[in-house]
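Novice: Using only what follows, build the 3D model:
(2 chains)
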Amino acid sequence: MALRFYNTLTQRVEDFAPAEDNTVRMYSCGPTVYDYAHIGNFRTFTFIDILRKWLRASGFRLNHVMNVTDVDDKIIRNAAAQGKNLADYTGTYTKAFLEDCALLRLERPERLVPATQHIDDMAEAIQRLGAGHHTYTSDGSVYFRISSFPGYGKLSHNDFSGNLSGARVDLDEYEKADARDFALWKAPKEGETFWDTAIGPGRPGWHIECSVMAIKYLGETLDIHVGGVDLIFPHHENEIAQSESLTGKPFSRFWLHSEFLMVEGQKMSKSLGNYYTLRDVVARGHQPEAIRYLLASVPYRRSLNFTFEGLKSAGTAIDRLRNFKLRLATDRYAEGANEQLAARTAAASQAFTASLNDDLNTAEALGAVFEYVRDANSAMDSGEFRAGNRADALEFLERFDAVFDVLRPATAGGASDADIEALIAQRTEAKKARNFARADQIREQLLEQGVVLEDTKAGVRWKRK
RNA sequence: GGCGCGGUAGCCAAGUGGUAAGGCUAAGGUCUGCAAAACCUUUAUCCGUGGGUUCGAUUCCCACCCGCGCCUCCA
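Specialist: Residues are numbered from 1 along each chain as shown, chains lettered A, B, ... in the order given. Okay, the predicted model is just below:
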């Protein structure tokens, strides 16, 4: 089955391929660096990472740009409150964001672009919009005139036509000509950071940065634009209005939006105060891989209710997969190959592909993996698993992990492998002498150091917990 | 009010016009010196409610109920 995605623009699932030369031109809305990102934010960033990895696994090359919003009202307010300049303030949270991404194994986009490094580009774009009669100025601020763009509302599927014609108000009394018009450029306020540009002093509105940076680095029509569902309106709608007014071409062929992370039945958000940062969750002793797994395991278009119980079960599920991988590497198998099992491996691998191709159905893809793990474990128990089946199995696990990326343990640390193996040798001696008390003592000792032993027919197998 | 998403076992969750994947949890069992790991068995006559279409619907249609989101900053 071909790769396909649900496109918010058309409200349909459509076959996907990049427009040109096998390279996917993708833009994603990144963080506003005014605070630590919370795990709701990371739900979307994890989805984007899964998308990246699956696109690459599907044979495409990537050119992915993500912005960093490093100027907005909250940033200005918070920086001022802390007596810091903007760059220092946003630098702190940009760095924190990148550290958090690394912890969750989120790949860096090909380009990470800060808004403040593109102010002149934005001013120039606003000028061009003005030349095309899409803007008007009021008290030094520049607004986009929505009535100048006939397609307004096509992404969010809202009909603004009645609203626009009926709701005109006097320009002198109201700063905006229509309630839906939005700021492209904000006049400087007393004591606030501003930039001197071709269109005068001020700072950019929120939406213009994405249009300008996306077009600058990716061209006039993107293959994919992604973000959370809350950005559909007004942010992405406004991006379309700006970009298409600028270029006369469709801004993005595909629009993919991820649903929310919920907590206790409500959207996790800063303003509601019901949020956890990644740091909060890790501080409670949860592995970042478990968080990644949990965020990835529910398909991106379904809202995901976050609970610590769910997080714990994600950790257990990963353990199961890791145990399987370890067993695959350490068990001894009879020569030859089991054809039936080989066929099942191939079928599972195909099912995995078909699931992810179907609009990234991660839940179904995981189903294929676990079903296979059960079959393979079962075959190992019964001796039907042969040496010739190992390579296929490992390859399938690698295909899985190239997308989900949860099998590799975070960090080693603690006792060295040699020390651990020396103790295991001592324990094996003790067991031979049927000195089980001593053997158990060593096992306990290792467990305290985070090392778990498993006695198997092929000898002692160990792993770090 | 407009637009959008969802209601499937204790929890999470997939899914199809032909009779319910998978993960976690729980109980019992096999294996083991004991563990660990693994495997097996058991847990939804039923998929929010009421109608309709159909030989047959959880899956299609209609109505209704409930939850959530966007419409203002927001992943």
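Novice: drop to CA atoms for contacts and neighbour counts, all remaining ones
Specialist: OK.
Novice: ok, which stretches of the stretch 101-250 of chain A are helices?
Specialist: Ranges of helices in the stretch 101-250 of chain A, per DSSP state H, counting those that start in this stretch, are A:119-131, A:161-166, A:208-218, A:237-247.
Novice: what's the least confident stretch among these?
Specialist: For the helices of the stretch 101-250 of chain A, the weakest mean pLDDT is recorded on helix A:161-166, namely a mean of 49.
Novice: What residue in chain A comes nearest to RNA strand B?
Specialist: Residue nearest to RNA strand B within chain A: A:Gly228 (2.5 Å; CA to the nearest atom of the strand).
Novice: For that residue, which residues are in contact?
Specialist: A:Thr44, A:His257, A:Ser258, A:Glu259, A:Phe260 (CA atoms under 8 Å, 6 or more residues apart in numbering).
Novice: same thing but 7 Å
Specialist: By CA atoms under 7 Å, 6 or more residues apart in numbering, the contact set of A:Gly228 is A:Thr44, A:His257, A:Ser258, A:Glu259.
Novice: Can you name the residues of the stretch 151-300 of chain A that neighbour RNA strand B?
Specialist: Neighbours of RNA strand B within the stretch 151-300 of chain A, by CA under 7 Å from any atom of the strand: A:156-159, A:179-180, A:206, A:227-235, A:258-262, A:265-269, A:271, A:298-299.
Novice: Same question for the stretch 301-450 of chain A.
Specialist: A:301-305, A:309-310, A:312-314, A:316-317, A:319-321, A:323-324, A:327, A:361, A:363-371, A:373-375, A:377-378, A:380-381, A:431, A:436-437, A:439-440.
Novice: repeat that for 6 Å
Specialist: Contacts of the stretch 301-450 of chain A with RNA strand B, taken as CA under 6 Å from any atom of the strand, map to A:302, A:304-305, A:313-314, A:316-317, A:320, A:323, A:361, A:363-364, A:366-367, A:370-371, A:373-374, A:377-378, A:381, A:436, A:439-440.
Novice: Spatially, which residue comes closest to A:Phe260, not counting chain neighbours?
Specialist: Of all residues not flanking A:Phe260 in the chain, A:Ser303 sits nearest, at 5.0 Å (CA to CA, 6 or more residues apart in numbering).
Novice: count of neighbours near the one you found?
Specialist: 16 (other CA atoms under 10 Å).
Novice: quick one, what contacts it?
Specialist: Applying CA under 7 Å, 6+ apart, we find A:Ser303 in contact with A:Glu259, A:Phe260, A:Leu261, A:Met262.
Novice: Distance check, the second one against A:Gln266.
Specialist: In this case it means A:Phe260. Using CA to CA, to the nearest Å, A:Phe260 is found at 9 Å from A:Gln266.
Novice: So the two - more neighbours on which side?
Specialist: A:Phe260 (23 against 13).
Novice: Show me the shaky parts of the stretch 51-200 of chain A.
Specialist: A:162-175 (pLDDT under 70).
Novice: can you pull the contacts of the nearest residue to A:Tyr217 once chain neighbours are set aside?
Specialist: In space, and not counting its chain neighbours, A:Tyr217 is closest to A:Val65: 7.5 Å by CA to CA, 6+ apart. Neighbouring residues of A:Val65 by CA under 7 Å, 6+ apart: A:Met26, A:Tyr27, A:Ser28, A:Pro109, A:Glu110, A:Arg111, A:Leu112.
Novice: Which helix or strand contains the closest residue to the fifth one other than its chain neighbours?
Specialist: So that's A:Glu110. Distances taken as CA to CA, 6+ apart put A:His64 closest to A:Glu110, at 5.3 Å, once the chain neighbours are dropped. Using DSSP states H and E, A:His64 maps to strand A:61-68.
Novice: Distance from the chain centre to that strand, please.
Specialist: 12 Å (CA atoms, centre = their mean, to the nearest Å).
Novice: Can you list the buried residues in the following helix or strand past that strand?
Specialist: Sequence-wise, the next helix or strand downstream of strand A:61-68 (DSSP H and E) is helix A:73-81. Buried residues in helix A:73-81, counted by 16 or more other CA atoms under 10 Å: A:Ile75, A:Ile76, A:Ala79, A:Ala80.
Novice: for stretch A:283-291, same thing?
Specialist: Here stretch A:283-291 shows A:His286, A:Gln287, A:Pro288, A:Glu289, A:Ala290, A:Ile291 as buried, counting by 16+ other CA under 10 Å.
Novice: Stretch A:189-206 too?
Specialist: A:Phe194, A:Trp195, A:Ile199, A:Pro201, A:Gly202, A:Arg203, A:Pro204, A:Gly205, A:Trp206.
Novice: What is the distance between it and the centre of its chain?
Specialist: 32 Å.
Novice: With stretch A:332-342 instead?
Specialist: In terms of CA atoms, centre = their mean, the centre of stretch A:332-342 is set 38 Å apart from its chain centre.
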